[in-house]
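Engineer: Need coordinates for the below:
(one chain, ligands or ions: 1)
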Amino acid sequence: MSSAAPLPDLAALLAQRVDLDPAELARYDLEQHPALADTALLGTALHDFLQRQPETGERFGDAVDAELRQLVEHKVNHFATLLTRPWAGESLDAGLALGRQQHEYGLSTAWLSSAHRVYLDHLEQRVGGLALAADERAGLTAALRKLVFYDLLLQLSGYHAGAEAVSQGEAQRLARLNRLYITLSQVSHIAARNVRHLGSRELAAQTLLREVCETVVEHGGIHMAWVGFIDAASQRIEPFAWAGADAARYLGGITVSVDPARPEGQGPSGRAVRSGQLQLLEDSLNAPGYHAWSQHALRQGFRSSVATPLWRDGAVIGVLNLYAAAPGFFGAEEQRLAKAIADKIDLALGHLDDLERQRQAEARLLHQATHDPLTGLPNRTRLFHRLEQALQADAADRLTVLMLDLDGFKDINDLFGHSAGDTLLCRIAERLRALCRPADVVARMGGDEFVVLLEQLPDPHTARNAVEQIISAVRRPVPLPDGEVSVSTSIGMVTGSAGVSADTLLRQADIALYRAKSLGRDQYCLFDDELERQLKQQQTTRHAIRAALDGDELALYYQPKVDLQSGAVIGAEALIRWVVNGEVRAPGRFLPALEGTELLGQIDSWAIRHAIAHAAHWHRHGLPLQISVNVSAISLRRPAFFGELRALLAEAALPHQALQLEVLESVSQDSLQYIIDCLQACKDIGVSLALDDFGTGASSLLHLQRIQPDVIKIDQRFVRSMREQPENIAIIKSVSTFSQLSGRTVIAEGVETEAIGQDLLALGVRFGQGYAIARPMPATDFPVWVSQWRPPAAWRCHVTAAS
Ligand SMILES: Nc1nc2c(ncn2[C@@H]2O[C@H](COP(=O)(O)OP(=O)(O)OP(=O)(O)O)[C@@H](O)[C@H]2O)c(=O)[nH]1
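Structural biologist: You can find the predicted model right below:
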C-alpha cells in the first residue's frame with residue numbers, strides 16, 4: 001500500500017482523530033497476513049454476539065435470521081477490505097454505507113459500536129497467532145486497535161449522515177403535508193360555501209371546482225390540477241375545471257377515455273374510473289401504460305400524479321387529477337389527502353345536486369301554484385300578476401284583455417262526459433296559444449273561462465282581428481274519441497288605460513263578456529261605460545226582484561185562451577207581474593235581467609206553485625180550466641224539477657191534465673236529452689206541453705219531433721201582422737195544417753182585433769189568445785170574466801157560416 005497517495009478528506013480526518021498514521025499501518029504490510037481477516041471465524045463470532053443483543057430481536061423481528069446474516073456478511077466483508085486496503089475509496093464508501101444501513105434498520109449506535117468489541121477480540125487473538133517479535137506484535141496490535149476505532153468512527157459517520165438525511169427529508173415532507181392540510185381546509189371551506197347565488201348547477205359546479213383546483217395549485221405545491229367528468233356518450237373523461245401552469249393547453253392536447261380497449265383508457269384516470277381506486281403515477285418517465293401521455297407530461301413538466309375517483313350515488317362520475325413536478329411526490333400521506341380533497345368535491349357536488357333538486361322542487365311548486373294543471377296554461381294568479389306588470393309598463397293603452405267563456409260547455413260535459421270536456425278544454429287552449437304571439441298571455445281562469453292578454457298592440461283594428469280569429473278558431477270542430485264536437489265562445493274585450501287597475505280591467509272584460517252572452521253568444525262585445533251602467537241597472541233589478549220574491553210584490557195575471565169558434569174558454573196562461581208601488585210591470589221589463597241566473601228558476605218555481613194553487617182553487621169552485629205556466633230551460637235542467645212538480649200537484653189535488661207547461665223553442669234548441677226526458681216525464685203523468693212562440697226558432701219542425709208538444713202556440717208576431725204581411729198567412733196555414741195532421745192543438749197568440757180572429761178562423765185556426773179576447777187580469781178577476789165573456793158576433797157568424 002502506498003502512503004504517498006493523499007487520503008480522502010474524511011478518511012484523513014477520522015484517522016487523525018484516532019491518531020492513526022497510515023504510514024504506521026503500512027509498515028506492517030497487512031496483506032502478508034491473510035489469517036488476520038479469517039472472515040469465516042469473524043462472521044460466526046459476530047453473528048453469535050449480535051444475535052444475543054436484545055435490540056436485535058426487537059429490530060429484525062421474524063426476519064432476524066436472514067437480515068442479520070446479510071448485515072453480518074456486509075460487516076465482515078467490509079472488515080476484510082479495511083484490513084487490506086483501509087484508505088481505498090470503496091472501503092470508505094462501504095463503511096459509510098454500513099452505518100447508514102444500520103440507521104435505516106433502526107439500530108442504535110450502541111448496537112453498532114458493540115460489534116467493534118468483537119473485532120478487537122478477534123484481532124487480538126489473530127495477532128497472537130502470528131510469528132512476530134514482541135515489540136512488533138505490540139505495535140501491530142496498537143495500530144489495529146486504532147484501525148478498529150477508525151472504522152467505528154467511519155460507520156458512525158455513515159449512521160449520522162443517514163439520520164440527518166432522513167430528518168431533512170422528513171422536515172420537507174412535513175412542510176409539504178402541512179401545506180396540503182391547509183389546502184384541504186381551504187377546499188372544505190370552498191365545498192361548504194353558499195352557492196345559491198352562483199347561478200345554475202353547472203355554473204356553480206364550474207366555479208367551485210375551479211376554485212378547488214386553484215387552491216390546490218396555489219397552496220398545496222401541486223403543479224397542475226384538473227377535474228374531469230365521464231361523458232356517457234363518448235366514454236371520455238371531459239375536463240371540467242382546472243388550474244396550474246398551462247393546464248388548458250395540456251388538457252387540450254390529450255384525450256382521456258374510460259374504455260380499457262383504447263390506449264387513452266390505459267392511464268391513471270381511466271384506471272381510477274374503472275377500479276374506483278386512487279391511481280398513483282410515481283414517475284411519468286418510466287411508467288407502464290403511460291406512453292400515450294408521457295411526452296405531454298414531460299413538456300408540461302410533471303413527473304408524478306394521482307388520479308382519484310369522484311363518486312355520486314355509488315358510481316364513479318369523474319376524476320380529480322393532481323400532478324407534481326417531482327417524481328414520487330405522492331407518498332401515503334399525500335394520497336390520503338388527495339382522497340380527502342376528492343371526498344370534499346363529492347360532498348360539494350352532492351350539495352349542488354341537492355340544491356338543484358330543491359330548486360327544481362321549488363320551481364315545480366311555483367309552476368303548480370301559477371299554472372292550470374289541465375291545460376298547463378298560466379292560471380288566474382299568474383294572469384293577474386302579468387296583467388299588473390303590463391299595466392305598470394308605459395303603454396297601458398296598447399293592452400287588450402279578452403275574457404272568453406265557452407258557450408254551452410256544460411252540455412258537452414253532460415252529453416259526452418267530463419273527460420271529453422277536459423279534452424275539449426285542452427284543444428281550445430292549444431288553439432288559443434297557437435294564435436297568440438309568444439309574449440301574449442293565454443290563461444285559464446277556471447271552468448270554461450280563459451283570458452288572453454295582448455300587449456303592445458299597434459291599433460284597435462289588430463285587437464279586433466285577433467278576437468275574430470279566436471272566435472273562428474274555437475268554432476272549428478274538435479275531434480273526440482266518440483266523434484266531433486263543436487263549441488263557440490263569447491268574448492268580452494277591454495282596452496287598458498292609464499291608471500286602471502288589473503282588478504278593474506278584468507271586471508270590465510267580464511261585463512263585456514256577459515253582454516256578449518246575453519246578445520246571443522258566439523260573438524264579442526267591447527266594454528264601454530254604457531255597458532257598465534246597464535249592468536249596474538241589471539244588478540239593481542235582480543236585487544229588487546229577489547226582495548220581491550221574498551216579499552209580496554209578485555203576482556200572477558191570467559190571460560184566457562178561447563175557442564174562437566164557440567166562445568168556450570179552454571184555459572188561461574199565467575203571466576207573471578211585478579207590482580211595485582201600485583205600478584204593474586210586465587215580465588219584459590225585468591225577466592231579461594234574470595237571464596241565465598238561478599233567480600229565473602226561482603221565479604219559475606214561484607209561478608208554478610201559485611198557478612197550481614189558483615187552478616186547484618178554481619177547480620174546487622166549478623171552474624175546471626187548464627192553466628198554463630211558462631218554464632225556462634234553467635228550471636228544466638234542475639234534476640229536482642219533476643219531483644217538485646209532482647209533489648205540488650199532489651198537494652193541491654189538481655188533476656195533472658189541468659196544468660200545462662209552456663216552453664220556448666229555444667229550450668228545445670238546447671236539445672239536451674235530459675230536458676227532453678224531463679218534459680216527457682211530465683207528459684207521462686198527464687201534464688200538458690205547449691211549445692211557445694212557435695216559428696221564432698231556427699229549426700222549429702225538427703225540434704217539434706223531439707219535444708212532442710200537445711199544443712203549438714203560433715208566435716204573435718206572425719198573427720198580429722198577417723194582414724200587412726201576407727206571407728205570414730202561409731206560415732200560419734201550414735202550421736195549422738201540420739198540427740191538425742199530427743193531432744196537435746194550435747193556438748194563435750196576438751189576437752188583437754176582431755178582424756184577426758176572423759182571418760184565423762178562415763185559415764182553420766180555432767183557438768186564440770189576445771187583447772181582442774182579454775188582457776191578462778188578476779186571478780181574482782178571472783172567474784168573473786169567464787162568466788161574462790161572449791165572443792164577437794162576427795166570429796160566431798163565421799162559425800155559423802163555416803158549419
Ligand atoms: N270537463 C270539465 N268541466 C269543467 C271543468 N271545470 C268546470 N267545468 C264545468 O264547466 C261548466 C262551466 O259552466 P258554464 O260556463 O256556466 O256552462 P256553459 O254551458 O258554458 O254556459 P254558458 O257559458 O252560459 O254558455 C260547468 O258545468 C262546470 O262543471 C273542468 O276542468 N273540466
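
Engineer: dump the residue contacts of residue 678.
Structural biologist: Listed by C-beta atoms under 8 Å, 6 or more residues apart in numbering, the contact partners of residue 678 are 636, 641, 642. C-beta: built from backbone N, CA, C; applies to glycine.

Engineer: what about residue 314, distance to the ligand?
Structural biologist: Separation of residue 314 from the ligand (C-beta to the nearest ligand atom, to the nearest Å): 43 Å.

Engineer: Check what pLDDT that residue gets.
Structural biologist: Note for residue 314: predicted pLDDT of 92.

Engineer: repeat for residue 260
Structural biologist: On the pLDDT scale, residue 260 gets 89.

Engineer: Counting neighbours, what do you get for the closest residue to it other than its chain neighbours?
Structural biologist: In space, and not counting its chain neighbours, residue 260 is closest to residue 274: 6.4 Å by C-beta to C-beta, 6 or more residues apart in numbering. Residue 274 has 15 neighbours, counted by other C-beta atoms under 10 Å.

Engineer: Assign residue 274 to helix, strand or coil.
Structural biologist: Under DSSP: H, G, I helix; E, B strand; the rest coil, the three-state class of residue 274 is helix.

Engineer: my guess is it meets residue 257, correct?
Structural biologist: No. Using C-beta atoms under 8 Å, residue 274 is not in contact with residue 257; the gap is 10.6 Å.

Engineer: wait, which of the contacts of residue 678 is closest to the ligand?
Structural biologist: Checking the contacts of residue 678 against the ligand with C-beta to the nearest ligand atom, the nearest one is residue 636 at 14.3 Å.

Engineer: can you tell me which residues contact the closest one?
Structural biologist: Shown in contact with residue 636 (C-beta under 8 Å, 6+ apart): 663, 667, 675, 678, 679.

Engineer: Can you tell me which of the residues you listed end up in strands?
Structural biologist: Those of the contacts of residue 636 mapping onto strands are residue 663, per DSSP state E.

Engineer: Quick check: which of the contacts of residue 636 has the minimum pLDDT.
Structural biologist: residue 667 (57).

Engineer: Which segments of the protein make up each domain?
Structural biologist: Here the domain parsing of the chain from automatic domain parsing is 9-165, 193-362, 380-527, 559-802.

Engineer: would you turn those domains into a markdown table with distance to residue 179?
Structural biologist: As requested, these are exported to a markdown table (distance: least, C-beta to C-beta, whole Å):
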| stretch | distance to residue 179 |
| --- | --- |
| domain 9-165 | 22 |
| domain 193-362 | 5 |
| domain 380-527 | 54 |
| domain 559-802 | 83 |
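
Engineer: Out of those domains, flag the one nearest residue 545.
Structural biologist: Smallest distance to residue 545 across the domains of the chain (C-beta to C-beta): 5.9 Å, for domain 559-802.

Engineer: OK, contacts around the residue of the stretch 251-400 of the chain found nearest the ligand?
Structural biologist: Closest residue of the stretch 251-400 of the chain to the ligand, C-beta to the nearest ligand atom: residue 374 (5.4 Å). By C-beta under 8 Å, 6+ apart, residue 374 lies in contact with 422, 425, 426, 444.

Engineer: which among those end up buried?
Structural biologist: 425, 426, 444 (16 or more other C-beta atoms under 10 Å).

Engineer: Can you name the residues of the stretch 251-400 of the chain sitting close to the ligand?
Structural biologist: residue 374 (C-beta under 6 Å from any ligand atom).

Engineer: what does this structure have sitting close to the ligand?
Structural biologist: Applying C-beta under 6 Å from any ligand atom, we find that the chain lies next to the ligand at 374, 405-411, 413, 418, 421-422, 425, 447-448, 517, 596.

Engineer: Spatially, which two of the contacts of residue 374 are the most separated?
Structural biologist: Maximum distance among these (C-beta to C-beta): 11.6 Å, for 422 and 444.

Engineer: Just the buried residues of the strand or helix carrying residue 787, please?
Structural biologist: Taking DSSP states H and E as the definition, one finds residue 787 inside helix 782-788. Using 16+ other C-beta under 10 Å as the test for burial, helix 782-788 gives 782, 783, 785, 786.

Engineer: wait, which of these is closest to residue 261?
Structural biologist: residue 782 (106.0 Å).

Engineer: how about the nearest residue to the closest one, chain neighbours excluded?
Structural biologist: Once flanking residues are discounted, residue 782 sits nearest to residue 558: 4.7 Å by C-beta to C-beta, 6+ apart.

Engineer: give me every residue that touches the closest residue to residue 195 other than its chain neighbours.
Structural biologist: Distances taken as C-beta to C-beta, 6+ apart put residue 204 closest to residue 195, at 4.3 Å, once the chain neighbours are dropped. By C-beta under 8 Å, 6+ apart, the contact set of residue 204 is 195, 198, 352, 355.

Engineer: Residue 210 is in contact with the second one, correct?
Structural biologist: No. Using C-beta under 8 Å, residue 198 is not in contact with residue 210, being 11.2 Å away.

Engineer: what bits of this protein have low per-residue confidence?
Structural biologist: Applying pLDDT under 70 to the chain flags residues 1-5, 289, 291-293, 394-395, 665-672, 695-705, 798-803.

Engineer: residue of it with the smallest distance to the ligand?
Structural biologist: Across the chain, no residue is closer to the ligand than residue 421, which sits at 2.6 Å (C-beta to the nearest ligand atom).

Engineer: so which helix or strand takes in that residue?
Structural biologist: Here residue 421 is assigned to helix 418-435, by DSSP H and E.

Engineer: Helices of the stretch 501-650 of the chain, residue ranges please.
Structural biologist: 502-518, 529-550, 598-620, 633-636, 641-652 (DSSP state H, counting those that start in this stretch).

Engineer: and the third one, how far from the chain's centre?
Structural biologist: Once both centres are worked out by C-alpha atoms, centre = their mean, to the nearest Å, helix 598-620 turns out to sit 57 Å from its chain's centre.

Engineer: export that helix as PDB, just CAs?
Structural biologist: This file holds the C-alpha atoms of helix 598-620, laid out as PDB (Å, rounded to 0.1, in the frame of the first residue of the first chain):
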ATOM      1  CA  GLU A 598    -130.700  30.800 -10.800                       C
ATOM      2  CA  LEU A 599    -133.200  33.600  -9.900                       C
ATOM      3  CA  LEU A 600    -135.100  32.800 -13.100                       C
ATOM      4  CA  GLY A 601    -135.500  29.200 -11.800                       C
ATOM      5  CA  GLN A 602    -136.800  30.600  -8.500                       C
ATOM      6  CA  ILE A 603    -139.300  32.800 -10.400                       C
ATOM      7  CA  ASP A 604    -140.400  29.700 -12.300                       C
ATOM      8  CA  SER A 605    -140.900  27.700  -9.100                       C
ATOM      9  CA  TRP A 606    -142.900  30.600  -7.600                       C
ATOM     10  CA  ALA A 607    -145.100  30.900 -10.700                       C
ATOM     11  CA  ILE A 608    -145.800  27.100 -10.900                       C
ATOM     12  CA  ARG A 609    -146.600  26.900  -7.200                       C
ATOM     13  CA  HIS A 610    -149.100  29.800  -7.400                       C
ATOM     14  CA  ALA A 611    -150.600  28.700 -10.800                       C
ATOM     15  CA  ILE A 612    -151.300  25.300  -9.300                       C
ATOM     16  CA  ALA A 613    -152.800  26.800  -6.300                       C
ATOM     17  CA  HIS A 614    -155.100  29.000  -8.400                       C
ATOM     18  CA  ALA A 615    -156.100  26.200 -10.700                       C
ATOM     19  CA  ALA A 616    -156.900  24.000  -7.800                       C
ATOM     20  CA  HIS A 617    -159.000  26.700  -6.200                       C
ATOM     21  CA  TRP A 618    -161.000  27.300  -9.400                       C
ATOM     22  CA  HIS A 619    -161.400  23.500  -9.900                       C
ATOM     23  CA  ARG A 620    -162.800  23.300  -6.400                       C
END
